[in-house]
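A.B. asks: using only what follows, build the 3D model:
(chains A, B, C and D)
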Amino acid sequence: MTVRFFARYAELVGREEAAVLLSLPATVADVVRRVREELPGARQLPERPLAAVNLKHVKLDAGVRDGDEVAFLPPVAGG
Amino acid sequence: MTVRFFARYAELVGREEAAVLLSLPATVADVVRRVREELPGARQLPERPLAAVNLKHVKLDAGVRDGDEVAFLPPVAGG
Amino acid sequence: MGEYLSREPIAVDALIAQAAAPDCGGTCVFLGTVRNGPEESGVAAIEYSAYDDMAEAELQRIVGDARERWPGARIALRHRLGHVAVGEPSIAIVAAAPHRAQAFEACRYVIEEVKRRLPVWKKEIRRDGSEVWVDPSGRPTVPPGLPDGRRPSDLPTHA
Amino acid sequence: MGEYLSREPIAVDALIAQAAAPDCGGTCVFLGTVRNGPEESGVAAIEYSAYDDMAEAELQRIVGDARERWPGARIALRHRLGHVAVGEPSIAIVAAAPHRAQAFEACRYVIEEVKRRLPVWKKEIRRDGSEVWVDPSGRPTVPPGLPDGRRPSDLPTHA
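C.D. replies: You can find the predicted model right below:
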């Protein structure tokens, strides 16, 4: 699946996107763990970031499937 | 004192202004009574109209003085 | 006329600019527009009339009250008089404030006080050429010759 | 970009016209403006960035929710991205409705949901040339290299 980073998180990780392979079933929390282990800079992300799957806010216990777009979002500041 | 009529009340009374003489002390309610007695058409005004003295909303028991501008206001519909 | 009443169409953008300030991050605007909905079909325009001097004074008091309640708020307002066609605004209120809650609250306060206190009256001009005074709810008042149809206890009382 | 996000200055008048309808007598507009107040002196502009596709989808959901809650309401919205100078609006929301209470409530609902849910981020551009990410309250986030400084329980949770 594809993992995307935005704003300050993209700066911390040094990239905006990464491909992640996970054995299924898996949750968003598993994606966070894997990303924090494997990507340099990603250890600086919070352990429980705000997350989205396929353009929708989700909780960290939400399941992920092959082909999903998972995103880690800094606290939102729109408006 | 001067009494002014507005909008539908001016149409009912057939005029926008009248001079009224009253023995003092007197209240707005006294002005209403006098106007309803003396002006043709004014009997169609409500007995307890919304009233203003010198550009301010007042209750009917408010006192009036010589030189005051007393106004009878149909229910307001601004905005 | 004074600062608040006008017979010209309201320039909303200019009013927004008038209330703006660098420390105001939230701006709330209210526009009251002459409508021709299912409740009042056949309306072509509304003729607004006022007790001009009192309406100016009352608007000054309302805006002054709002500034006292929301000290950071900057308020601009225009109420139109005369012939206002369907779809055009009869009133525009702009409240700019450091934070949005103040802007919304101050703007809402001003329009509610306007509805309650402002000595302004509306006559509907129908498409068939007829004219009728409308009460605050927008419904026709009883025909001339009858009293208001409101009991005294229904009338707003003012201090 | 889609219907709601734009890199161009927001034309507030056009947005008001877009929401207008003959049966809508009350229109509430909210403008969020880049400010340079006592809490953030030295701000020249804000650079807005977004998770574009999700922000468009989220705005569609927010506007859809508002239309469901206030069925008579007509809503138009524009959120600006990129460089927005002090004093310029970053967001404009217009809610027109048959009666003013619906217009105020729908407009307020939309901005509150935007603040809660919209994946958009702000970087302050200071007059001295420095840049700093700001959190939802407009304060600088902790410097890079530290976690957010928020415990998990502070993070908004979404269904």
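
A.B. asks: and the residue nearest the centre of chain C, bridged to which residues?
C.D. replies: Per Cα atoms, centre = their mean, the C-alpha nearest to the average position across chain C is that of residue C:91, at 4.5 Å. Under DSSP bridges, the beta-bridge partners of residue C:91 are residue C:32, residue C:79.

A.B. asks: distance of it relative to residue A:4?
C.D. replies: Counting by Cβ to Cβ, to the nearest Å, the gap from residue C:91 to residue A:4 is 47 Å. All C-beta atoms are positioned from the backbone trio N, CA, C, and that covers glycine.

A.B. asks: now swap in residue C:93 and tell me
C.D. replies: Residue C:93 is 43 Å from residue A:4, by Cβ to Cβ.

A.B. asks: so which of those two has more stuff around it?
C.D. replies: residue C:93 (28 against 19; other Cβ atoms under 10 Å in any protein chain shown).

A.B. asks: my read: that one touches residue C:27, true?
C.D. replies: No. Taking contacts as Cβ atoms under 8 Å, residue C:93 lies outside contact range of residue C:27: 10.9 Å.

A.B. asks: in chain C, what residue is nearest chain A?
C.D. replies: Per Cβ to the nearest Cβ, residue C:100 is where chain C lies closest to chain A, at 8.2 Å.

A.B. asks: so how many other residues sit close to the closest residue to that residue other than its chain neighbours?
C.D. replies: Leaving aside its chain neighbours, residue C:100 sits nearest to residue C:26 (3.4 Å; criterion: Cβ to Cβ, 6 or more residues apart in numbering or on different chains). For residue C:26, the tally of surrounding residues (other Cβ under 10 Å) stands at 23.

A.B. asks: would you confirm that residue C:26 contacts residue C:105?
C.D. replies: No. Here residue C:26 lies out of contact with residue C:105, judged by Cβ under 8 Å, at a distance of 10.6 Å.

A.B. asks: could you find the closest non-adjacent residue to residue A:6?
C.D. replies: Nearest to residue A:6 is residue D:51, by Cβ to Cβ, 6+ apart, at 5.3 Å.

A.B. asks: tell me who's in contact with the one you found.
C.D. replies: For residue D:51, the contact set (Cβ atoms under 8 Å, 6 or more residues apart in numbering or on different chains) comprises A:4, A:6, A:52, A:55, A:71, A:73, D:119, D:120.

A.B. asks: same question, residue C:109
C.D. replies: C:65, C:66, C:69, C:70.

A.B. asks: which of these fall in helices?
C.D. replies: C:65, C:66, C:69 (DSSP state H).

A.B. asks: close to chain B, is the lowest-mean-pLDDT helix or strand in chain C?
C.D. replies: Here the helix or strand of chain C ranked lowest by mean pLDDT, DSSP states H and E is strand C:131-134, holding a mean of 92. Yes. Residues of strand C:131-134 contacting chain B under Cβ under 8 Å from any Cβ of the partner chain: C:133, C:134.

A.B. asks: same for that strand, what does it pack against?
C.D. replies: Where contact means 3 or more Cβ pairs under 8 Å, 6 or more residues apart in numbering or on different chains; DSSP states H and E, strand C:131-134 is packed against strand C:120-126.

A.B. asks: by contact count, what packs against the strand it packs on?
C.D. replies: Counting contacts by 3+ Cβ pairs under 8 Å, 6+ apart, strand C:120-126 is packed against helix B:7-13, strand C:43-50, strand C:131-134.

A.B. asks: go with 6 Å
C.D. replies: strand C:43-50, strand C:131-134 (3 or more Cβ pairs under 6 Å, 6 or more residues apart in numbering or on different chains; DSSP states H and E).

A.B. asks: what segments of the chain are strands?
C.D. replies: As the question left the chain open, I've gone with chain A. A:2-5, A:17-19, A:26-27, A:50-53, A:56-58, A:63-64, A:69-73 (DSSP state E).

A.B. asks: oops, wrong one, chain C.
C.D. replies: C:5-6, C:26-33, C:43-50, C:74-80, C:82-85, C:89-97, C:120-126, C:131-134.

A.B. asks: any chance of these in CSV, with distance to residue A:66 too?
C.D. replies: Shown next, in CSV, are the strands of chain C (distance: least, Cβ to Cβ, whole Å):
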stretch, distance to residue A:66
strand C:5-6, 64
strand C:26-33, 44
strand C:43-50, 60
strand C:74-80, 55
strand C:82-85, 60
strand C:89-97, 49
strand C:120-126, 64
strand C:131-134, 64
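
A.B. asks: so which of those gets nearest residue D:55?
C.D. replies: strand C:26-33 (20.2 Å; Cβ to Cβ).

A.B. asks: which helix is the longest one in chain A?
C.D. replies: Under DSSP H, chain A gives helix A:28-38 as its longest helix.
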